[in-house]
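Asker: okay, sequence plus prediction incoming.
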Amino acid sequence: MKLSIATKFNIGDTIYIAECYEDWFAYKKPCVISDISISANSKTTHILYEVQQDGLTNRVPEDWVFGTYEECIKWCDEHN
């Protein structure tokens, strides 16, 4: 079996993430991707980005990761 997966971002990229606390909001500080985790089965593929944020390491789904703060704000507005 050969598996080929393309991610939106790479390790070392600076990104912005959407977070939810009652409503979706764009986290103002950019984060840096330190690792990428991928799980796949016959129905779906899940891509998680490990990011460094305020001295903590978080895993964020690819759907919540954006290249610009503006893109992140737009997504949050659409999902609130």
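Answerer: Looks like it arrived, so ask away. Numbering: from 1, shown residues only.

Asker: run a quick neighbour tally on residue 50.
Answerer: If you count neighbours by other CB atoms under 10 Å, residue 50 ends up with 16. C-betas here are computed from N, CA, C, even on glycine.

Asker: helices along the chain, start to end?
Answerer: Ranges of helices in the chain, per DSSP state H, are 69-79.

Asker: any idea which residue sits dead centre in it?
Answerer: Per CA atoms, centre = their mean, the C-alpha nearest to the average position across the chain is that of residue 65, at 3.0 Å.

Asker: and that one, how far is that from residue 2?
Answerer: According to CB to CB, to the nearest Å, residue 65 and residue 2 sit 26 Å apart.

Asker: same check on residue 62?
Answerer: According to CB to CB, residue 62 and residue 2 sit 21 Å apart.

Asker: ok, these two, which is more surrounded?
Answerer: Neighbour totals were compared for residue 62 and residue 2, and residue 62 leads with 15 against 3 (other CB under 10 Å).

Asker: nearest residue to the more buried one in space, please, no chain neighbours.
Answerer: Nearest in space to residue 62, with sequence neighbours left out and distances taken as CB to CB, 6 or more residues apart in numbering, is residue 47 at 4.1 Å.

Asker: ok, the one you found - how many residues close by?
Answerer: As a burial measure, residue 47 scores 19 neighbours (other CB under 10 Å).

Asker: go on, residue 72?
Answerer: For residue 72, the neighbour count with other CB under 10 Å is 24.

Asker: again with residue 55
Answerer: Around residue 55 there are 5 other residues, counting by other CB under 10 Å.

Asker: please consider this matter closed, and thank you.
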